[in-house]
Structure formats: structure tokens, C-alpha cells
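J.: Predicted model, plus sequence, below.
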There are 2 protein chains.
Amino acid sequence: MHNLIYAFPLYNFLKYCNSNSSEKTILDCGAGGSNPPLSLFHEFGYKTYGIEISEEQLKKAKIFSTEHNVDLNIIHGDMKDIPFSNEFFSFLFSYNTSVHMRKKDFSIALLEFHRVLKHGGLCYVNFLSEECDSYGQGVQVGDGEFKQIENNEEVFYIHYNENEIEQLLYRFELLYKEKRIIKRKIDKIEYTSTYYDYILIKK
Amino acid sequence: MHNLIYAFPLYNFLKYCNSNSSEKTILDCGAGGSNPPLSLFHEFGYKTYGIEISEEQLKKAKIFSTEHNVDLNIIHGDMKDIPFSNEFFSFLFSYNTSVHMRKKDFSIALLEFHRVLKHGGLCYVNFLSEECDSYGQGVQVGDGEFKQIENNEEVFYIHYNENEIEQLLYRFELLYKEKRIIKRKIDKIEYTSTYYDYILIKK
């Protein structure tokens, strides 16, 4: 299978996982969609697990699995209450999910990520920075939290600053951190968005 | 073949190339080494070409090709005088090479990249920023240019600022630009390095 996943920072996370000697078990929180990043880890011999709260995204992932004849083991589940026992996984990632979850909810998810990871296990998470052109669009519902209506549905855009993130991650040790300031030109207009990526180790 | 390349920004470049309708011909300038990034493009059906000036890196690439039974078509050549005719390639990349070439040499290489690219063709290049812990190490040989001795060999470390880069790239149109500030913790010490990545289109 030659499949390019678009969650590019996970290629770097895969490199970190590959050089760790733990059992190759990995959980994706927010694992659904039409091109599930878990397929990359599956290709590299990992036993994959995924949870996804949206039935629509689950359905898309199922279509991917059927078309590519690969079982990624993605089930319905809520990352605020992960349906696995303590220290079950060596590796865990959750890509772009903090962007659309309220801050209080994502802080609960982080407690769960910590709970289901083995000691010495690795975790990838990322955050949208306040340094984005889109910052402030929509209705403000909290500090850095904005609600927009897209296709008749409420979508949250949640922005963080660096101090706030690192306070949130205090249970983990920081192994790798990247700030990415991205400028894209689309129809001669430049758009800026900024992300923070973290690779963490459970102490 | 399940091969992870470590030049991670090229996964994003591949996405841009895949959505471009040009013929799938790609050149890597500085293509050698033990894990040639061209293998990624080969996997995705590109006709690959590479040039490499170092005999040692060429040899490593040859070993890779033999072990993986894949011909990436990498030849000896100098990116300041690319041995291909005008407008031969749809796509071209040169990863981390500006980091180790003198500024005047890399500006010649950029003229060559522009020459061998088709109109509308895409080019990926990156640069080391001045915002690095390693900035200033070694003997200064020019503006932002430092020489170090590694394994009895001279190695250049060449740092750029943003204005300087964008003056260099004036022949191209900017499609995508990323500034990456990376902090890695190795043995409890934090190291910072900063890169600029560009995806350019030949006007």
C-alpha cells in the first residue's frame, strides 16, 4: 500500500516510536476520517487501536479499511473516557484534536492519555497557537476559544499560548517540541497558521 | 517497501507534487546517502533522477539501491552545473544542502534549479536560520557562514535570515513557507534549531 497521510508530524513521531524498544502497540484518539493516520503505523508493523467519537468519521475510516483491505481496529469511543485499562499502550497520538475540543475537555483527555500509557511510553499531541490569521473569528466562548458555524454545525477553534500548553503537559516529560509557522498562498492571498507539536514521555 | 525517510518536509512536498498535473519527473540535488529521499517519490510512481557530488554518499545510495532492489537513477554531478537540459523536470528538491554550501555557491545552484525546471514546476528548498544554539560555532568565514572541523574534514554551517532568503528566491513565486523552531532534549540538555522550508513555483 502506498498511502500518504496528511498528518505530516506523525512521520517524525513514527521515527521516535521506531527507536523505542517497547512493544509496538499504538492508540490514535480521534482516529477516524477518510485517510486514517493509523495506516502508517500499521504499515510499519504496529498493532493499531483507534477511538473515534463521530459516527460519520468512523464510517469514513471503515470505507478506507474496506478499500485498502486493512483492519486498523478503530472503535467508537470518547477520549475523555478511554475504553482501555491503565498502561495498555506503548504509544499514543492525537492529531489536531485539541484544535476542536474545549480546553477543559482536552485537559481531561490528557489525563486519560497519561493513564493508558505505559511508563516510558511516548505521546504525540499538537495545538493551534494564538498566532493565526483566523484567531478571533466566530463567537468567543472562552479564553482563546471561538465557535463558528460550518455546514450548519457548531465547530470550535481553540488557540493556546506556549505557557498554557506546558502547564497542561506537566505530568509528562518533554522530548521534542516544534513550533511551525506556516504561510500558504491560495489565489494570491497569504494565510498564516501556527502550530505547536509535542512528543512527550510518560515519567 | 516500507521505508521511512527522515527528510520529513518532503512528505508535504510530495503532497504538492501529487496535486500538480505535470509529468511525474523529479530531480534531487544532493541525492546520495544511506536512505535517499528519492525512494519515497519512486514508491509513488515518479521517474526519479538524482545528482550527488560526494563519492562516499553515492556509494551509500548504491548500497541502498542494491539492498532494496530499486534503481533511483542517482549519478555523479554538481548542482552548480546540473547535467540536464533546460526545463527537463516538473519537480526538484534539495534538502538541507544550503546548510553546508557557501552562500555564493548556493545562489548559483538556485539559478540551475530554475533553469532545469519546467514553467509551473515545483521546487523545495530549505535553509538553516540564524536562530540556532549552534550559531557562531567554528571559524567565521562570511556573513552567517562558519567552518568547523568534523572527523578531520572541513564542514560549513551556513545560517540565513528571512529577508536574505527571499531575495535569493526572487525568480520563483512562493507557494508555501514554513518556519520550524525545533527543541530536542538529549541527555537532559535542550537544543534549539530553526529551519525555513519553501515550496516554490517557477513563474
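T.: Right, received. Where do you want to start? Treat the numbers as computed from the prediction; the structure is a model and nothing was measured. Numbering: from 1, shown residues only, chains lettered A, B, ... in the order given.

J.: Report the contact partners of A:Met79.
T.: A:Cys29, A:Gly30, A:Ile51, A:Ile53, A:Ser94, A:Thr97, A:Ala109, A:Glu112, A:Phe113 (Cβ atoms under 8 Å, 6 or more residues apart in numbering or on different chains). (C-beta placed from N, C-alpha, C; glycine too.)

J.: residues in contact with the helix or strand where the last one lies?
T.: Element membership of A:Phe113 [criterion: DSSP states H and E] is helix A:103-116. Here helix A:103-116 makes contact (Cβ under 8 Å, 6+ apart) with A:27, A:29, A:79-82, A:84-89, A:92, A:94, A:97-98, A:101, A:123, A:125, A:142-145, A:158, A:160, A:168-169, A:171-172, A:202.

J.: Show the low-confidence segments of chain A, by residue range.
T.: A:1 (pLDDT under 70).

J.: near chain B, which residues of it show up?
T.: A:2, A:4, A:6, A:8-9, A:11-12, A:14-15, A:18, A:43-44, A:173-185 (Cβ under 8 Å from any Cβ of the partner chain).

J.: one more time with 7 Å
T.: A:2, A:4, A:6, A:8, A:11-12, A:14-15, A:43-44, A:174-185 (Cβ under 7 Å from any Cβ of the partner chain).

J.: just checking, which of the residues you listed belong to strands?
T.: Among the residues of chain A next to chain B, the residues falling in strands (DSSP state E) are A:Leu174, A:Leu175, A:Tyr176, A:Lys177, A:Glu178, A:Lys179, A:Arg180, A:Ile181, A:Ile182, A:Lys183, A:Arg184, A:Lys185.

J.: still on that earlier bit, could you flag which of the contacts of helix A:103-116 are buried?
T.: A:27, A:29, A:79-80, A:82, A:84, A:88-89, A:92, A:94, A:97-98, A:101, A:123, A:125, A:144-145, A:158, A:160, A:168-169, A:172, A:202 (16 or more other Cβ atoms under 10 Å in any protein chain shown).

J.: Provide a list of residues in contact with the nearest residue to A:Val99 once chain neighbours are set aside.
T.: Nearest residue to A:Val99, sequence neighbours excluded (Cβ to Cβ, 6 or more residues apart in numbering or on different chains): A:Leu128, at 4.7 Å. The contact partners of A:Leu128, by Cβ atoms under 7 Å, 6 or more residues apart in numbering or on different chains, come to A:Val99, A:Ile158, A:His159, A:Tyr160, A:Tyr195.

J.: quick one: which helix or strand includes A:Leu128?
T.: strand A:117-129.

J.: elements contacting the following helix or strand past that strand?
T.: The first helix or strand that comes after strand A:117-129 along the chain, using DSSP H and E, is strand A:139-142. Packing contacts for strand A:139-142, counted by 3 or more Cβ pairs under 7 Å, 6 or more residues apart in numbering or on different chains; DSSP states H and E, involve strand A:145-150.

J.: Residues touching the strand it packs on, excluding its own?
T.: With Cβ under 7 Å, 6+ apart as the test, strand A:145-150 has contacts from A:102-103, A:136-141, A:154-158.
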